[in-house]
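> This is the structure alone, sequence omitted:
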């Protein structure tokens, strides 16, 4: 009787332990929380380099508690649609240009003013300092979480009509711009017809001749292979284009303090990796574009361009005031 009871007890105990172990394993397997990260560029772009760094860092720090799934090439929509998705919680993390961001966070429009920054060092210094942090903080007032400033680079014009080395050359061209009133105003001052559209639509619009050209950093021109639909590149460097790593407050508000720190560190790693890739493409990208048949106009007198877009500054300050612009100009960078 005792022997039988002992055997039965042992079997029951082993069964219980096995069941518990299987249950814990199942729970562990289910524990990884999926983080959907979207952007509009290809999986070979500088954004994707940043997405890889975000994924590696977050998954490593969380020991697998979070699993990041990248959705490149506008799979989750255009930039504006993805930002809206962050606000309602259908998207978790987005790497985006500032193009549509001003529609949500007007304070960021200052970054889109033409010829605001002299070079990469100045732009990165401002964004990594107090001004940049204040702008990230302002995003919280608009149901977004700004995690880190990333990068696209200085924007240049391409078109399929003619070489552009002065505002007079650009006059009359129909150029796709970002959905951003500051950008559009600057191009109108140059006599260009700005045509805003979501980025996933741009290649087809160029291919079909709906627009004559577009303006983007070398990084984006290379990643999108615009040489297939554009003949001329003019290195105007008319606007420094940052990017930003954003998250949904619905996701972030549910995190512990430690988990939030993981997301912050992942965003910083993403920004650093993206900037490194931008620097590489700035060195090598123009040669690649030439190799693929684009005519590259490097002799650009920026003076006439700067003069042409001056009214954009007045329009900006009339609507938004000069405080943030003064802070950018008065920084120690």
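Perfect, thanks for sending it. The structure displayed is predicted, hence computed values, not measured ones.
> And residue 242, how far from residue 277?
14 Å (Cβ to Cβ, to the nearest Å). Glycine gets a C-beta too; all of them are placed from N, C-alpha and C.
> the more surrounded of these two?
For residue 242 versus residue 277, neighbours defined as other Cβ atoms under 10 Å are more numerous around residue 242 (24 against 21).
> What ranges does the stretch 151-300 of the chain have for its strands?
174-177, 193-196, 213-217, 232-247, 295-297 (DSSP state E, counting those that start in this stretch).
> can you redo these as TSV with mean pLDDT and distance to residue 158?
As requested, the strands of the stretch 151-300 of the chain are exported to TSV (pLDDT from 0 to 100; distance: least, Cβ to Cβ, whole Å):
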stretch	mean pLDDT	distance to residue 158
strand 174-177	96	9
strand 193-196	94	14
strand 213-217	96	5
strand 232-247	96	5
strand 295-297	96	10
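> Among the ones you listed, which comes closest to residue 324?
Among the strands of the stretch 151-300 of the chain, strand 232-247 comes nearest to residue 324, with 14.1 Å by Cβ to Cβ.
> and the angle from the closest one to strand 213-217?
60 degrees (axes from the mean of the first three to the mean of the last three Cα atoms, to 10 degrees).
> so how far is strand 232-247 off the chain centroid?
Relative to its parent chain, strand 232-247 has a centroid offset of 10 Å by Cα atoms, centre = their mean, to the nearest Å.
> contacting residues around residue 224?
41-42, 202-203, 216 (Cβ atoms under 8 Å, 6 or more residues apart in numbering).
> If we use 7 Å, what do you get?
Residue 224 is in contact with 42, 203, counting by Cβ atoms under 7 Å, 6 or more residues apart in numbering.
> Quick check, pLDDT for it.
For residue 224, the model assigns a pLDDT of 93.
> on that earlier part again, would you reformat the strands of the stretch 151-300 of the chain as JSON lines and include distance to residue 78?
Formatted as JSON lines, the strands of the stretch 151-300 of the chain follow (distance: least, Cβ to Cβ, whole Å):
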{"stretch": "strand 174-177", "distance to residue 78": "13"}
{"stretch": "strand 193-196", "distance to residue 78": "11"}
{"stretch": "strand 213-217", "distance to residue 78": "15"}
{"stretch": "strand 232-247", "distance to residue 78": "14"}
{"stretch": "strand 295-297", "distance to residue 78": "28"}
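> So which of the ones you listed is nearest residue 32?
Short answer: strand 232-247, nearest of these by Cβ to Cβ, at 17.7 Å.
> Given that closest one, what are its sheet partners and their directions?
strand 93-97 (antiparallel), strand 145-159 (antiparallel), strand 295-297 (parallel) (DSSP bridges).
> Next, the angle strand 145-159 makes with the very next helix or strand once past the first one.
Which is strand 93-97. Per DSSP states H and E, the first helix or strand lying C-terminal to strand 93-97 is helix 120-127. On the basis of the same axes, to 10 degrees, helix 120-127 is oriented at 150 degrees to strand 145-159.
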